[in-house]
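Asks: here's a sequence, model it:
(one chain, ligands or ions: 3)
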Amino acid sequence: MHGMSRSIAYLAWEVPMITRRLSVVNTCLGHDRNFFDRKAYIHLPYHRSTCHWKPVASLSESSQAVLRQSSISFSDSRTRFEEDKSLGNKSSDHSNGTGDTIAAIVTPTGGQHGAVEIIRLSGPSAIAIVKSLFLPARKRQVKKLRNDWNPVSHMVEYGTIIDASGALIDEVLVVPMLAPRSYTREDVIEIQCHGGGICSRRVLHLCLEAGARLAQPGEFTLRAFLNGRLDLSQAENVAQLVSAKTVSAAETALAGLQGGLSLLVQSLRAECIEMLADIDARVDFDDELPDLDTISLIQRIQKAQQQVEQALTTERRGKLLQVGIQVAIVGRPNVGKSSLLNAWSQTNKAIVTSVAGTTRDVIEAGIVVGGFPVKLLDTAGIRDTSDEVESIGVERSIVAARGADVIVMVVNAKDGWTEEDTHIFDRVLKIREMSSRVAQSMLVINKIDQASASTIAGSKFANPFDKVVATCATQRVGFEDLEAAFLELVGTGNVIVGGKMWAVNERQAEQLLRASKALERLQVSIKQNLPMDFWAVDIKEAAVAFGEVSGDDVSEEVLSRIFSKFCIGK
Ligand SMILES: Nc1nc2c(c(=O)[nH]1)N(C=O)[C@@H](CNc1ccc(C(=O)N[C@@H](CCC(=O)O)C(=O)O)cc1)CN2
Ligand SMILES: Nc1nc2c(ncn2[C@@H]2O[C@H](COP(=O)(O)OP(=O)(O)OP(=O)(O)O)[C@@H](O)[C@H]2O)c(=O)[nH]1
Ligand SMILES: [Mg+2]
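Replies: Ligands and ions are numbered 1, 2, ... in the order given. Here you go, the predicted model:
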């Protein structure tokens, strides 16, 4: 960094290293911000929208090393910016990830096959590979030739796929989406084959022989992320969208995919970086700049923190939408648990008889309540029994209750609250205490056609339950109240149920919480008049946490953990 004096105030645009594969050249120079705005900067192999302004001298070792290797001169006060040729070349190598072309069948492969199946290719050789297999029907020439196809982006082409010997493999439609107008921003070609599993596999095989590599789970979306088409939170919403089990879950994921959360996090991160720049500048050049207005700074921080806290309130709803809610129905034999499951799910899944001890195994029924996927678990009536099969069933009831989010205990209005009920209640409560998940509880007083529910509902026995509802399962009475109470119980915070509102996932919430804590500490540091270096530490922490959400500042490990959960072809 010879010749560089601090007063020239070179600023560098340091991009955190995203993946090792994506090289260490993360640095870019600007004479000042305006200069940068005029795009006089080195083209980076990989850069995302918001980064971190720093004096060159404070850059990381590796970034400084890159600068030293490049031909940028620091000695001239007017600054010559030269684009280093080797950097430029690297840049194009990396613009498509590893440079290879990936392929996968993107329609379902196991189980049921559809009428049409799609193979997707993405990468620099996608066109060449398809050219070598595809004979467009449209060509007017009498003699059809291989390699004689000129793809037009987003124009469907009809033709045939042939193998190396010229044998017909399938009659297909081909859709080219040329870079950067594609999902991955690379050249993407989709081949629509006949369904049934054979054609698509043969075509995929030909693509692989022609030089494509089988895509890993989530690799198309990973490329979309690496090429800046989606940020990380949007990519996570792609996975959530395709695994959504209800309309509300899908709508929530879609809202995230459309960028609601991304925009918020982006602006929060930009805000942090701006505040950090103000603070850093005063740490470095304190004598030349006016004092910071700490009152307005604290206001900015408070506003940011409020936005983070608000985003955090969406987590519970998001989790319940994505994962669903497990409800264990427990109680004495013959109180009507199976009848309740059948009535609630409007099925006949569970066997109902007047014999106590009918249900032996856990019976599941999936329903949707207020947009949330709910799994009802009907269980064997809990009692002391010498019957071997029944006692195993009772054990399973306890296990089901232990894993449930909501425990519904059913009692019988006619019998009133019995000693056995107390016994079960104790066991249910014990389960609640032992469980790491805090289950909520609901008392359902059933068979209200035979006796009034008020005796139990008004007794001390009802008090410990979060909700009390009266039903007649055989006539499907009380189920509206049951659902309303249930929704209140799972409480979705102040977010509209079923609204088109994004939600944060667990990983995002973890980072937002980290940011919120850092912003909290920051306010304390400012109020206590601690040195500005301390402020910088906290604000950096918040910026990094936001960067973890957006993917601007994320390790390869986290990336591979996220993308490995995708399905193949996504
Ligand atoms: N056949 C097919 N259907 C699909 C997908 C796909 O990849 N293939 N998608 C995959 O998940 C989803 C749609 N997502 C997509 C997103 C962007 C582009 C795309 O080509 N974007 C261009 C805009 C094209 C234009 O300019 O008209 C771009 O953003 O530049 C394609 C699909 C759902 N349906
Ligand atoms: N009158 C009336 N009978 C009901 C009601 N709910 C269930 N029953 C009857 O009560 C009996 C037992 O119902 P189940 O649903 O099998 O009871 P369970 O709690 O699952 O019993 P186990 O599986 O043995 O633990 C059946 O004859 C049902 O028809 C109700 O609300 N009113
Ligand atoms: Mg039963």
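Asks: which ones are touching T347?
Replies: The contact partners of T347, taken as Cβ atoms under 8 Å, 6 or more residues apart in numbering, are 341, 365. Heads up, the C-betas are built off the backbone N, CA and C, glycines and all.
Asks: hang on, it in a helix?
Replies: No. T347 is assigned coil when assessed by DSSP: H, G, I helix; E, B strand; the rest coil, not a helix.
Asks: C-alpha coordinates for stretch 337-349, PDB please?
Replies: Extracted in PDB, the C-alpha atoms of stretch 337-349 (Å, rounded to 0.1, in the frame of the first residue of the first chain):
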ATOM      1  CA  LYS A 337     -61.600 -39.700  21.200                       C
ATOM      2  CA  SER A 338     -61.900 -41.600  18.000                       C
ATOM      3  CA  SER A 339     -65.300 -40.100  17.300                       C
ATOM      4  CA  LEU A 340     -63.700 -36.600  17.800                       C
ATOM      5  CA  LEU A 341     -61.000 -37.400  15.300                       C
ATOM      6  CA  ASN A 342     -63.500 -38.700  12.800                       C
ATOM      7  CA  ALA A 343     -65.800 -35.700  13.200                       C
ATOM      8  CA  TRP A 344     -63.000 -33.100  13.200                       C
ATOM      9  CA  SER A 345     -61.400 -34.600  10.100                       C
ATOM     10  CA  GLN A 346     -64.700 -35.600   8.500                       C
ATOM     11  CA  THR A 347     -63.400 -39.000   7.900                       C
ATOM     12  CA  ASN A 348     -63.900 -42.500   9.200                       C
ATOM     13  CA  LYS A 349     -60.200 -43.100   9.800                       C
END
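Asks: what comes up buried for it?
Replies: Neighbour counts over stretch 337-349 (16 or more other Cβ atoms under 10 Å) mark 337-345 as buried.
Asks: could those residues be laid out in a markdown table, adding distance to I448?
Replies: As requested, the buried residues of stretch 337-349 are exported to a markdown table (distance: Cβ to Cβ, whole Å):
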| residue | distance to I448 |
| --- | --- |
| K337 | 15 |
| S338 | 17 |
| S339 | 13 |
| L340 | 12 |
| L341 | 18 |
| N342 | 17 |
| A343 | 13 |
| W344 | 15 |
| S345 | 20 |
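Asks: which of the residues you listed sits closest to G195?
Replies: Nearest to G195 among these is S345, at 32.6 Å by Cβ to Cβ.
Asks: who touches that closest one in this structure?
Replies: Each residue near S345 by Cβ under 8 Å, 6+ apart is listed here: 365-367, 376.
Asks: find the nearest non-adjacent residue to it, please.
Replies: A365 (3.7 Å; Cβ to Cβ, 6 or more residues apart in numbering).
Asks: looks to me like the one you found is in a strand.
Replies: Yes. Counting by three-state DSSP, A365 is part of a strand.
Asks: is it in a bridge, and if so with what?
Replies: L376 (DSSP bridges).
Asks: separation between it and ligand 2?
Replies: Using Cβ to the nearest ligand atom, to the nearest Å, we find A365 at a distance of 13 Å from ligand 2.
Asks: just E488 next, same as before
Replies: E488 sits 23 Å away from ligand 2, going by Cβ to the nearest ligand atom.
Asks: may I see the buried residues of stretch 337-349 organised as CSV, with pLDDT, secondary structure and distance to ligand 2 added?
Replies: Conversion of the buried residues of stretch 337-349 to CSV gives the following (pLDDT from 0 to 100; DSSP: H, G, I helix; E, B strand; the rest coil; distance: Cβ to the nearest ligand atom, whole Å):
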residue, pLDDT, secondary structure, distance to ligand 2
K337, 97, helix, 4
S338, 97, helix, 3
S339, 97, helix, 3
L340, 98, helix, 7
L341, 98, helix, 8
N342, 97, helix, 7
A343, 97, helix, 8
W344, 97, helix, 12
S345, 96, helix, 13
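Asks: ok, which of these also contact ligand 3?
Replies: 337-338 (Cβ under 5 Å from the ion).
Asks: which of the buried residues of stretch 337-349 sits closest to ligand 1?
Replies: Distance to ligand 1, by Cβ to the nearest ligand atom, is smallest for S345 among those, at 31.6 Å.
Asks: ok, longest helix in the protein?
Replies: Ranked by residue count and defined by DSSP state H, the top helix of the chain is helix 260-284.
Asks: show me what the helix or strand just after that helix packs onto, helices and strands only.
Replies: Counting by DSSP states H and E, the next helix or strand C-terminal to helix 260-284 is helix 294-312. Under the contact criterion of 3 or more Cβ pairs under 8 Å, 6 or more residues apart in numbering; DSSP states H and E, helix 294-312 touches helix 260-284, helix 506-527.
Asks: now the element after helix 294-312, going C-ward?
Replies: As assigned by DSSP H and E, the chain's next helix or strand after helix 294-312 is helix 315-323.
Asks: how long is stretch 279-299 end to end?
Replies: End-to-end distance of stretch 279-299 (Cα to Cα, to the nearest Å): 15 Å.
Asks: enumerate the beta-bridge partners assigned to Q326.
Replies: Note on Q326: beta-bridge partners by DSSP bridges are K375.
Asks: same check, this time on V188
Replies: S122, M177.
Asks: now do the one 4 residues further on
Replies: When bridges are called by DSSP bridges, Q192 pairs up with I118, L173.
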